[in-house]
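J.: Okay, sequence plus prediction incoming.
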Amino acid sequence: MIYTKVSAWQEVWLQLISHQVGLAATYLELMRADCTIPVSAWQPGQRVGVADIGTVIRSDSPDLEVGDLVQSMTGWSQYSAGPAGSYLKLDRDLFADPGYHLGQGPTAYYGMADVAAVGEGDVVFVSGAAGGVGSLAGQIAKCLGAARVIGSAGSPAKADYLVNELGYAAAFDYHDGPAAQRLKEFAPEGISVFFDIVGGEQYDAALQAARPGALRPVRLRCSEPQ
């Protein structure tokens, strides 16, 4: 994937394409007065939404030109303006439709390829592996040369799906006994990469299962698994 960082504090105008906005199940929770996730709930009068895709229609920045495709986290609106550093330049030709930039793939790819730098010989553990990000992260790790990819999920059926459909080397239902014991069973020599989506007991288990001095953790945790 090709992204371009732009310098901060340059004014940029964007025209947003209304059908290219990011949706997530957590948005319903953010509309509740008693929001239970560790993110500030939306308030009356506040612009809703988070990620969107737009086209630059005016720019004072040398890094962004009129016509550039960009992603922002400013919420949903027909137009927005702000510092260039708050917009991420995208490769318009990378996908058949720019809306793909709003999917789970970039998060999974960036975490595995850039942050964890997964490569040949790595043993990778993905918690919450049957979800949108986790299911892609494990497959990306395999493509990058990981020797073994292990996943956790919330049911035996999901664990079977990880192994039989997505090609994980092993997977377990995190309700079925201590995660530390399962990791010791599936990765007796330890793990070198931990892609963490759920935290909690599985996070502690991954630290116990880490190869000495070798663990590269990637944390995406928002809430505890249900």
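T.: Right, received. Where do you want to start?
J.: On the strand side of things, show who residue 89 bridges to.
T.: When bridges are called by DSSP bridges, residue 89 pairs up with residue 4, residue 70.
J.: Okay, it and residue 70: tell me how far apart.
T.: According to C-beta to C-beta, to the nearest Å, residue 89 stands 6 Å off from residue 70. C-betas here are computed from N, CA, C, even on glycine.
J.: same question, residue 168
T.: Taking C-beta to C-beta, one finds residue 168 at 35 Å from residue 70.
J.: that older thread, which neighbours do residue 89 and residue 70 have in common?
T.: residue 64 (C-beta atoms under 8 Å, 6 or more residues apart in numbering).
J.: Looking at these two now, which is surrounded by more residues?
T.: It is residue 70, of residue 89 and residue 70, that has more neighbours when counted by other C-beta atoms under 10 Å, with 25 against 19.
J.: isn't that one right next to residue 84, touching?
T.: No. Using C-beta atoms under 8 Å, residue 70 is not in contact with residue 84; the gap is 9.1 Å.
J.: Let's test this: mean pLDDT of the longest helix along the chain, rounded?
T.: In the chain, assigned by DSSP state H, the helix with the most residues is helix 132-143. For helix 132-143, the mean per-residue pLDDT is 94.
J.: who touches that helix?
T.: 104-105, 107-109, 111-113, 118, 122, 124, 126-129, 149, 151, 162, 166-168, 193, 195, 197, 220.
J.: If we use 6 Å, what do you get?
T.: 104-105, 107-109, 112, 118, 124, 126, 128-129, 149, 151, 166, 168, 195, 197 (C-beta atoms under 6 Å, 6 or more residues apart in numbering).
J.: all strands of this protein, in order?
T.: Assigned by DSSP state E, the strands in the chain fall at 3-4, 11-21, 52-59, 69-72, 79-83, 87-90, 123-126, 148-153, 170-173, 193-196, 216-219.
J.: Go through the last one and flag the buried ones.
T.: Read that as strand 216-219. Neighbour counts over strand 216-219 (16 or more other C-beta atoms under 10 Å) mark 216, 217, 218 as buried.
J.: hmm, which helix or strand of this protein has the shakiest average pLDDT?
T.: Here the helix or strand of the chain ranked lowest by mean pLDDT, DSSP states H and E is strand 3-4, holding a mean of 36.
J.: how near is the residue located most distally from the centre of the chain to residue 82?
T.: Distance from the C-alpha centroid of the chain, by C-alpha atoms, centre = their mean, peaks at residue 60 (30.9 Å). Using C-beta to C-beta, we find residue 60 at a distance of 12 Å from residue 82.
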